[in-house]
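Asks: coordinates only, sequence not included:
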């Protein structure tokens, strides 16, 4: 049994098949041999019968020839002469047949060689006596009588020799040999079939019992593994079942280690982790949750989620949990929790429903500080935007008065310095406008006025204020002729195109060309702005649409900007249910593109969609 366990399933199956097969081959070989013996015995018996029959026929035919010869001389009936000749022919044919039958028997051949001249002489005398029927002389009659006497003597010799041949054959003849050989073959057949069946059944029972018993142990270990119970000892052997059992034991060790790590992660996690039952009551919480919500160990068990959620958020939280359970809702939510000391905190939820365990697993991250920082940032941007805009507007107004000579004529140097002041103030105002746009985007105040918009008009409005700059830098602006209609807010779409073309002008070398193209595919309209500038590195492309980032800042440090333009473009395009991206190679220019729905398509405003940084084809 132990040795069999060292065999693989393939080897066991090979034994189960090959042993009966080898036995079957040997059995068939034995049957073939016995069948051959039966054929030999049958052939020998048939030969003996035929030899004895032919010998008796020769005696009978020779005797009949002598009798015909006697009647022929007594009656002088010529009709008997014809029958005599026929009999002599039959004697010759049977004599030749006898010669063939004894060709393999030396003893019988010796008798046959002595018989052969006697038979020939007897036939000769019979023919001679037959020919004497027409003689007239007394001498011929005497000679014919002598031939008859000689024929009678030869007949006696033939009888003696044929009798010897028959006696020898009868001594060798076994009348039951073929039957015994046939019975022996039948006996071997019955025993062989029975032994083969018995051997196959014995092997099948042996291996099936062995494999079935080991499979039962394997099934038991699988059940124990699923229930996280200790497994039975390892199965011995090196077959596949033993290998699977080892895998089960290794899996249990791995799961135990994973469970230990999971438990350590659960207990030492910074974020709150807890689970709810089907009634949204607490089942288990980690220490971080106890600290975050001021829960005492053991006091959370059985409490409802309504007790820790701000009353205004309860319905929204309930809907969120039900959607997660049904698989129809998003798995994240921001809400307000109330600590046991009454302090309200902002939290971000991530939830997963286990239908098998009927348990809702949640990770809650305290984002109170993050929300406070975002609030401070918004207030800071609002302060910059509103508190700086008024003084800068005053500075710009005073600068215009100075340039118009309201306070006297300025020297050339004074005018140059005044122009520098104007440029600086304009840059500050652009930055303030961008900050206001960002503020509106973050607070959701940047609404869209959607209508069917002629894209050609949008492109013309965007390029018109930049033509003078392009002519000054000797850059050609190529615009397409298009009849495309898009569903968009025209003013905000103009800002997107204006910003992208303005960026292309900043980084394009003199005597180059900026190409604007329009494509339509799958219900979307794509606008591309391609330049021949220095291009943007792969590393820079990954962050190009983030706030306060500039395209090609390492290669073109002299180009100034707020770093908010592309971020604003991305927000506007994504508010239109579109996408924006960039294709660029260092040294080969850049192509900024965006896609928005064609006119007539209905879409849902989905802010925050991730834009692409390559692959501009439709």
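Replies: Good, I have the coordinates. As the structure is a computational prediction, the values presented were derived from the model and not from experiment.
Asks: CA atoms for contacts and neighbours, from now on please.
Replies: Noted.
Asks: partners of the host helix or strand of residue 363, with directions?
Replies: Using DSSP states H and E, residue 363 sits in strand 359-366. Note on strand 359-366: by DSSP bridges, its sheet partners are strand 272-276 (antiparallel), strand 344-354 (antiparallel).
Asks: For residue 437, report the pLDDT, please.
Replies: pLDDT recorded at residue 437 is 67.
Asks: what's the answer for residue 592, then?
Replies: pLDDT at residue 592 comes out at 93.
Asks: quick one: secondary structure of the residue nearest to it when sequence neighbours are not counted?
Replies: Spatial nearest neighbour of residue 592, excluding adjacent residues (CA to CA, 6 or more residues apart in numbering): residue 582 at 4.5 Å. Of the three states, residue 582 takes strand under DSSP: H, G, I helix; E, B strand; the rest coil.
Asks: Residue 582 reaches residue 589, doesn't it?
Replies: No: the criterion here is CA atoms under 8 Å, and residue 582 misses it with residue 589 at 10.8 Å.
Asks: which of these two has more neighbours?
Replies: Each of residue 582 and residue 589 has its neighbours counted (other CA atoms under 10 Å); residue 582 has more, 23 against 18.
Asks: Could you tell me which helix of this structure is the longest one?
Replies: helix 9-75 (DSSP state H).
Asks: Show me what it is packed against.
Replies: helix 78-101, helix 106-131, helix 138-172, helix 177-226 (3 or more CA pairs under 8 Å, 6 or more residues apart in numbering; DSSP states H and E).
Asks: how about 7 Å then?
Replies: helix 78-101, helix 138-172, helix 177-226 (3 or more CA pairs under 7 Å, 6 or more residues apart in numbering; DSSP states H and E).
Asks: got the angle between the shortest one and helix 106-131?
Replies: Orientation note: helix 78-101 sits at an angle of 170 degrees relative to helix 106-131 (axes from the mean of the first three to the mean of the last three CA atoms, to 10 degrees).
Asks: what does the last one give?
Replies: In this structure, helix 177-226 runs at an angle of 140 degrees to helix 106-131, with the same axes, to 10 degrees as the basis.
Asks: same question for the helix or strand just after helix 177-226, mean pLDDT?
Replies: Next in sequence after helix 177-226, counting helices and strands by DSSP H and E, comes helix 240-268. Averaging pLDDT along helix 240-268 yields 74.
Asks: do stretch 395-408 as well
Replies: For stretch 395-408, the mean pLDDT works out to 72.
Asks: For the residue nearest to the spatial centre of the chain, which non-adjacent residue is spatially closest?
Replies: The centre of the chain sits closest to residue 244, judged by CA atoms, centre = their mean, with a distance of 22.4 Å. Leaving aside its sequence neighbours, residue 244 sits nearest to residue 218 (CA to CA, 6+ apart; 7.8 Å).
Asks: Same check on residue 192?
Replies: Nearest residue to residue 192 in three dimensions, chain neighbours excluded: residue 27, at 6.2 Å (CA to CA, 6+ apart).
Asks: That neighbour contacts residue 190, doesn't it?
Replies: No: with contacts defined as CA atoms under 7 Å, residue 27 does not count as touching residue 190, sitting 10.7 Å away.
Asks: who touches the residue lying closest to residue 362 once chain neighbours are set aside in this structure?
Replies: Excluding its sequence neighbours, the residue lying closest to residue 362 (CA to CA, 6+ apart) is residue 351, at 4.4 Å. With contact set as CA atoms under 7 Å, 6 or more residues apart in numbering, residue 351 has these partners: 331-332, 360-363.
Asks: which two from those end up farthest apart in space?
Replies: 332 and 360 (13.0 Å; CA to CA).
Asks: Out of the helices and strands in this structure, which is least certain?
Replies: When each helix and strand of the chain is scored by mean pLDDT, DSSP states H and E, helix 2-5 comes last, with a mean of 52.
Asks: how close does the residue nearest to residue 362 get to residue 282?
Replies: The gap separating residue 351 from residue 282 is 14 Å, by CA to CA, to the nearest Å.
Asks: Mutual contacts of those two, please.
Replies: Joint contacts of residue 351 and residue 282 (CA under 7 Å, 6+ apart) do not exist.
Asks: Residue 519 in helix, strand or coil?
Replies: Applying three-state DSSP: residue 519 is strand.
Asks: I'd like the distance from it to residue 573, if you could.
Replies: 16 Å.
Asks: Which one's more surrounded, these two?
Replies: Of the pair residue 519 and residue 573, residue 573 is the one with more neighbours under other CA under 10 Å, namely 22 against 14.
Asks: quick one, phi psi at residue 585?
Replies: With angles defined as degrees, to the nearest 10, residue 585 sits at phi -140, psi 130.
Asks: what about it, distance to residue 533?
Replies: 10 Å.
Asks: For residue 405, grab the count of nearby residues.
Replies: 11.
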